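Asker: I would like the atomic coordinates for the input below:
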Amino acid sequence: PVTMLANGTYTLLASAGTCTALTTVVVTINPLPTPNIVSNSPVCIGTDINLTGNGGTNYAWAGPNGFISAAQNPTISPSTMQNSGTYTLVVTDANSCVNFTTTNVIVNAQPIVSSSGSTVCENATANLSASGGVTYSWSGPGGFTSGSQNPQIINVQFAAAGQYTVLVTDINTCTNTAVTNIIVNPAPIANATGNNPCLNDNINLTATGGVTYSWSGPGGYSSNLQNPTISPSTFNNSGNYIVTVTDVNGCIATANINVTVNPIPVPSITSGPNTGCAPLCVQ
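Answerer: Model (predicted):
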């Protein structure tokens, strides 16, 4: 094949018998164009693939998934995984010389994201968690934001209930989102009542607000009854009684009542100052 070294003047010597003649011609070898491709590869799926070509006056592109283009700088929008592969650029210059070059385009998939929320009781700690990337950005009700992978909301209130969205970015800077929920159950309203008996009478304790109950009180007292009775009462039973109430959602609350065991009155009889023989007369 011809090379640039073939450039120059060529001489032709012709002979006919003893007669000779010569002529010359200048041969010009044009260099091939030097095509060049610039792309924004790697790209994330769903974003644009931008191809830039130079080095000629006419351009012809061919690539994966049946891609062809006569534009100098074509764009593939939006990208799919089928757009990954080798792209060929054929360049024609002003001298009609043709050359080509290739480049490889990589389309990265979105990260596979998972997330989870929690169902908690009012005033407890709610947990959020996510996976699938290297950085995380949370947003949620009440202007909540966090850059933690697994953030916590301490002393959660009803305003924090709702949908939370996490934006996950992977090592290729590709992103994906996931949503989850936090459910906040109200704390039960615990009530406790009791009486203040006389010594040896019953102490009657009563609680409401839940489905299970746990009492504690003076002298190591404990009971799992909703309405326990202490019989007979002693002075050691006086003091503060606390009931822990648990509702159907497992949420708890406490209430207390102070019980006083009253002493039994001590009656006494005294006689008047009168003396005499029985029977005594009035006055």
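
Asker: use CA for all of it now, contacts and neighbours both
Answerer: Noted.

Asker: Okay, now the unreliable bits of the chain?
Answerer: 271-276, 278, 280-283 (pLDDT under 70).

Asker: Can you name the element that comes right after the longest strand along the chain?
Answerer: For the chain, the longest strand by residue count, based on DSSP state E, is strand 175-185. For strand 175-185, the following helix or strand on the C-terminal side (DSSP states H and E) is strand 191-194.

Asker: Just checking: what are the partner strands of the longest strand of the chain?
Answerer: Pairing partners of strand 175-185, with direction, according to DSSP bridges: strand 118-121 (parallel), strand 162-169 (antiparallel).

Asker: Can you tell me how far P78 is from I45?
Answerer: P78 is 8 Å from I45, where distance means Cα to Cα, to the nearest Å.

Asker: Mind checking which of the two has more residues around it?
Answerer: I45 (22 against 12; other Cα atoms under 10 Å).

Asker: any idea how far the more buried one lies from N172?
Answerer: For I45, the distance to N172 - Cα to Cα - is 11 Å.

Asker: Show me the common contact partners of the two, please.
Answerer: N108 (Cα atoms under 8 Å, 6 or more residues apart in numbering).

Asker: burial count for the residue nearest to A192 when sequence neighbours are not counted?
Answerer: Of all residues not flanking A192 in the chain, A207 sits nearest, at 4.5 Å (Cα to Cα, 6 or more residues apart in numbering). Applying other Cα under 10 Å, we find 26 residues neighbouring A207.

Asker: contact partners of the helix or strand where A207 lies?
Answerer: Secondary structure from DSSP H and E places A207 in strand 203-208. Strand 203-208 is contacted from outside by 190-197, 213, 226-233, 243, 245, using Cα under 8 Å, 6+ apart.

Asker: please redo it, this time with the cut-off set to 7 Å
Answerer: Strand 203-208 is touched from outside by 190-195, 197, 226-231, 233, with contacts defined as Cα atoms under 7 Å, 6 or more residues apart in numbering.

Asker: Also stretch 151-164?
Answerer: With Cα under 7 Å, 6+ apart, stretch 151-164 has contacts from 122-129, 138-142, 179-184.
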